[in-house]
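Novice: sequence and predicted structure, then a few things I'm wondering about:
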Amino acid sequence: MEVLGQRLGLSRGVILALSWTIVLFLVMPIFVVFPISVTDKRFLAMPEAGVSMQHFLKLAGSADWLGSIWNSFYIAALTTILCVVAGTLCAVGCWRLTSRLSEGVRSLMLLPIVIPSIVYSLGIYRMFVDLSLIDSALGVILAHTVTGIPYVVITVSASLANFDPRLEQAARNLGASQWQTVTKVIVPNIMPGVLSGGIFAFIHSWDETVIVLFIAGRTVYTLPRRMWADINENLDPIIAAVAVVLIFVTLALLACELLLRARRARIS
């Protein structure tokens, strides 16, 4: 932004003002959620008579909402495990090959996050109909795994770029098998990238809505799907309370990722 401003002949003060304006424009909708979550009204509105925690209490006592939170958590947790294992192995394999084939595989792995979600959802829905995976937690987990693996591949590949291949050669020369080299030498040295990819995969599954709307029927209700259904039915302010919970969970995970990134920078 500063380089662009210098080219346009703008002063530092103008550049800072434009930067903060863009930042506020991006985060303002998030800030609006907080006062709505403590409104004293029975619909989505700013508080008038005073602040009320009734919607958070309603959330804490709702079996439907708590069940949806639990569904989102265990689906995201299982998805993260599958993404970390598959994504790490894919990134390590592509790193070892270092050929046009590996670049092609890495590019293909990015397709699920490049293609619009609605397009991918249509395709996965048709395929899962034949596999009898519609309206099942397993179907959601598998779909989220495919779209979550690219995040792990990206972060692990970035860590492998800073990995010293001489460590692998030394391990093999000392008699370590291929599996021992991967699990005891390569993976421990790229663990910050693995954990960062896992965090992004968890956030992706935790927040994902479009795929769930296609695959999950009346049995599997994740938190975003419950929010979508509630928005279409009654616009209860409990949605804002749930949104606040989602925001804090996401911010906590992003803070963990920033700490891992700082640790990775110190190691490199």
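Specialist: Okay, I see it. Predicted model, so just to flag it, every value in this text is computed and none were measured.
Novice: show me how the protein divides into domains.
Specialist: What automatic domain parsing lists as the domains of the chain is 2-37, 63-267.
Novice: can I get the CA coordinates of stretch 74-84 in PDB?
Specialist: In PDB, the C-alpha atoms belonging to stretch 74-84 read as follows (Å, rounded to 0.1, in the frame of the first residue of the first chain):
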ATOM      1  CA  TYR A  74     -16.400 -33.400  16.100                       C
ATOM      2  CA  ILE A  75     -16.800 -33.100  12.300                       C
ATOM      3  CA  ALA A  76     -14.100 -30.400  12.200                       C
ATOM      4  CA  ALA A  77     -11.800 -32.400  14.500                       C
ATOM      5  CA  LEU A  78     -12.100 -35.600  12.500                       C
ATOM      6  CA  THR A  79     -11.700 -33.600   9.200                       C
ATOM      7  CA  THR A  80      -8.600 -32.000  10.600                       C
ATOM      8  CA  ILE A  81      -7.000 -35.300  11.400                       C
ATOM      9  CA  LEU A  82      -7.600 -36.700   7.900                       C
ATOM     10  CA  CYS A  83      -6.400 -33.400   6.300                       C
ATOM     11  CA  VAL A  84      -3.200 -33.300   8.300                       C
END
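Novice: quick one: average pLDDT of that stretch?
Specialist: Taken as a whole, stretch 74-84 has an average pLDDT of 94.
Novice: got the buried residues for that stretch?
Specialist: Neighbour-count burial for stretch 74-84, counted by 16 or more other C-beta atoms under 10 Å, picks out 75, 76, 78, 79, 80, 82, 83, 84. (Glycine included, C-beta is placed from N, CA and C.)
Novice: the domains of the chain: lowest mean pLDDT?
Specialist: Among these, domain 2-37 scores lowest, at a mean of 73.
Novice: tell me the most buried of the domains of the chain?
Specialist: domain 63-267 (a mean of 17; mean count of other C-beta atoms under 10 Å).
Novice: redo the domains of the chain as JSON lines? Include distance to residue 57.
Specialist: Below are these laid out as JSON lines (distance: least, C-beta to C-beta, whole Å):
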{"stretch": "domain 2-37", "distance to residue 57": "12"}
{"stretch": "domain 63-267", "distance to residue 57": "9"}
